[in-house]
Structures are given as C-alpha cells and as structure tokens.
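J.: Dropping the sequence and predicted coords here.
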Amino acid sequence: MSTFIHLDNNYIVETLHGCCILYIEKFETQMCWSDYYYYIINVIRTVIKEINIHEDKLKINLIINFSLQFKTSFDFKNNNKTILFYINEEHTIISKEAIGYNRFNYYTKILNHGNENEFYKMTIGNPEIIDQSNIVFNYSTVNHTNFKISMDFKEVYKKMVLIHPLLYPYYNERGNRNINCLTTFLYPESSQKRIQFLNKIRENGINHVNIKTCNGADDFITLYKNTKILINIRQTYGFHTIEELRILPALMCGVIVICEEGPLKDYIPYHDYIIWTTNENMIQTIRNVEQNYESLHNKFFSGRRLSNLLEIMEESNKHELYDKLICYI
C-alpha cells in the first residue's frame, strides 16, 4: 500500500515497499506526454511490487524527470540510494534535409530502409541531462533501436529502457465513429511540411479535422473512440523518428492509422497493424482506406491477435525495467 506526501511545489513523494518515488503531481503538458509520464509511474509501481515479492527487498529513491522539470536531488530523509530517471522525448534520426545537418557528427547505418548503404546522422537531445541520469526511458522503438545499432553511443544505450506507450485500455469496436480522418498536430502553422499537407487535404476534399486541444487520457480516449482514421506525417523533412506516442495510443482505441514511412519501422512490434505510405502518396492512401474501411478494420482488429501482441508488449515493458532495477538490490 502506498503512502503520499504532497509538497508545495507541485511534487509528490510516494512511498511503496520501502522505496520513495518523487514525481510531478499535476503534469500539465500537451498531447500524450502527461499520460506517458504517469503510465511510466504505474509501470514502476508494478515492478517495485514484483521485485519485493520475488527478490530481496529493494530500497531505493526514484526521481522521475522530464526535460522541462529536472531535479538532481531531494532530501528523502532516508539512507536509500537515489536513482534519477529521465524520459527522452527527442527524435534521434536526422536526414540531409535537416536544418543544421552539418552540426551533427554521429552516423548510424540504417539496414532496412531502402538502400542498405544509407546513412543517417544521429543526435542526442539534452545530452547533459542524459549524462546525469541513471536510467533513460525511450517511448520510441525506432529511437531505442537507433541507439542500439549506433557504435558511438554504447554507454548511453546501457542506461536506456524501452517503454512502449500503451497508454489506454484496448478498444476494438468499430461502432459509430463520426470523425472520418483525424490529425493531432499541435502547431501545424510552424511546420511548412504540415501546412502543405493540410492544404492538400483540403484541396482534395478529404473529410478531415485537426484536433490540438486534448488534455489528458479521458479526452484522448473519447476522441480516438470516435475516430475512423488517424493520419500521421512527421513534423519536418529532416527528422525521421516515427512518432509512436501518437500512433500507438490511437491504434489501441481501434483507429486505423496511416503513417508516413520512416527508417527502422520494421522493428516496431505492431508495424503490421499500421498502413505505411509516403508523404507523396498519402492522399491516394487515404482514399483507399476510406473505400475499404470496414474490411481493413476487420483485418486489424477482429480476433485477439492485436490484443495478444499488446499484452506481450506490456510484459516487455515490465521485464525491461525489472532487469534495470534489480541491479540496485
């Protein structure tokens, strides 16, 4: 059973099985980041309970950080070792179209994206924060794989744990979904690529809406359960990480997801349940999905294949973190 101490600066200390967890009490951020933040805390709770059932007692302090609010210390008033966690939200795969491409010095060889000799540059966002952290969470399979195959970041990769953003309860009913095509671009006006794409959608008469006002899980679940098709293209021409924090939660709510292709997509466990296309072919792909919506929904969401896969991914989240934390006993 947890106990809680509410602090004056919007932090809370939760004590569970002798471990203390410091985290933001009311994480107010846009899109799914707050839901991912609290999902990670729930995974941590589960793993701490599992360790204390099956192993010797785990007695550590944990500080759950995000880049805009990063704490390196706190007086927990105990003798436990303190572990700093950090959620890595940055994209890491950079193409030649990226502004400032020449500033990035590390290369990753992408083995399964078109040309086997194709190279992308790799960057680390907030390197000083990652250096200070003990464990780093990746929401993106692509980012995680990119660190794994890069020869330049072995020490950074050792800190990393892949936590798939399985944010919402699985819902696969087709039902009466009233939103035909959805995008969830926060600032489309700041991206020339997305401006051009949304103009193209309007010019082609696609029944579409862009929503950027969701605040937390209830809003997103309601939105996705009412949506037929989610469309995702990357924000810029230069940064090529696939935005799994957008596409996986929608998929979990029974939405057919059309996503722009990107490097390492075949490493994503659920890649067979996404409709991949290029930015240039997106309009035609949307029309094909609209025309075949019922059969495609049945293909992806009937039976238990997808739900079984999501359960495997949930277990993987716990096992990956378990293996990291067990080192601190």
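T.: Noted; the coordinates are in hand. From a predicted model like this one, the values you see are computed outputs, not experimental measurements.

J.: Which is the succeeding secondary structure element to the lowest-mean-pLDDT helix or strand in the chain?
T.: Least confident helix or strand, the chain: strand 106-109 with a mean of 62, by mean pLDDT, DSSP states H and E. Moving toward the C-terminus from strand 106-109, the next helix or strand (DSSP states H and E) is strand 119-122.

J.: Flag every buried residue along stretch 81-96.
T.: Neighbour-count burial for stretch 81-96 flags 82-95 (criterion: 16 or more other C-beta atoms under 10 Å). Bear in mind the C-beta positions are built from the backbone N, C-alpha and C, glycine included.

J.: ugh, typo on my part, it should be stretch 193-202
T.: For stretch 193-202, using 16+ other C-beta under 10 Å, the buried residues are 193-194, 197-198, 201.

J.: Out of these, which comes closest to residue 255?
T.: residue 201 (17.1 Å; C-beta to C-beta).

J.: tell me the pLDDT at the closest one?
T.: Listed pLDDT for residue 201 reads 93.

J.: that's a helix at it, yeah?
T.: Yes: the assignment for residue 201 by DSSP: H, G, I helix; E, B strand; the rest coil puts it in a helix.

J.: give me phi/psi at the residue nearest to residue 317 when sequence neighbours are not counted?
T.: Nearest residue to residue 317 in three dimensions, chain neighbours excluded: residue 163, at 5.0 Å (C-beta to C-beta, 6 or more residues apart in numbering). The phi/psi pair for residue 163 (degrees, to the nearest 10) reads phi -120, psi 100.

J.: any idea how far residue 163 is from residue 37?
T.: 11 Å (C-beta to C-beta, to the nearest Å).

J.: Ok, residue 8 next?
T.: 20 Å.

J.: quick one, which of those two is more surrounded?
T.: residue 37 (18 against 5; other C-beta atoms under 10 Å).

J.: Who are the contact partners of the more buried one?
T.: Applying C-beta atoms under 8 Å, 6 or more residues apart in numbering to residue 37 gives the contacts 23-24, 27, 29, 64, 66, 87.

J.: So which of those residues wins on neighbours?
T.: residue 64 (24 neighbours).

J.: the helices in the stretch 151-300 of the chain, which residues?
T.: Using DSSP state H, counting those that start in this stretch, the helices of the stretch 151-300 of the chain run over 154-158, 192-203, 217-225, 244-252, 282-291, 293-301.

J.: And the average pLDDT for the first one is what?
T.: Helix 154-158 carries an average pLDDT of 89.

J.: mind listing what's buried in that helix?
T.: Neighbour-count burial for helix 154-158 flags 156-157 (criterion: 16+ other C-beta under 10 Å).

J.: tell me what that helix is packed against?
T.: If you count contacts as 3 or more C-beta pairs under 8 Å, 6 or more residues apart in numbering; DSSP states H and E, helix 154-158 packs onto helix 141-149.

J.: so the helix it packs on versus helix 244-252, what angle?
T.: Per axes from the mean of the first three to the mean of the last three C-alpha atoms, to 10 degrees, the angle that helix 141-149 makes with helix 244-252 is 130 degrees.

J.: contacting residues around helix 141-149?
T.: Contacts of helix 141-149 (C-beta under 8 Å, 6+ apart): 88, 90-93, 108-109, 111, 122, 138, 153, 156-157, 160, 162, 164, 241-242, 244, 262-265, 267-269.

J.: Quick check: PyMOL command selecting the buried ones in the residues you listed.
T.: Burial among the contacts of helix 141-149 is assessed by 16+ other C-beta under 10 Å; the matching PyMOL selection reads:
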select buried, resi 88+90+91+92+93+108+122+138+153+156+157+160+162+164+241+242+244+262+263+264+265+267+268
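
J.: For residue 260, which residues are in contact?
T.: 232-234, 242, 276-279, 282.

J.: Next, find the distance separating it from residue 192.
T.: From residue 260 to residue 192 the distance is 15 Å (C-beta to C-beta).

J.: Number of residues surrounding residue 252?
T.: 22.

J.: OK, contacts around it?
T.: 166-171, 224, 310.

J.: Compare those and tell me which is most surrounded.
T.: Highest neighbour count within the contacts of residue 252: residue 224, with 23 neighbours (other C-beta under 10 Å).

J.: Show me the shaky parts of this protein.
T.: The chain contains residues with pLDDT under 70 at 29-30, 55, 97-119.
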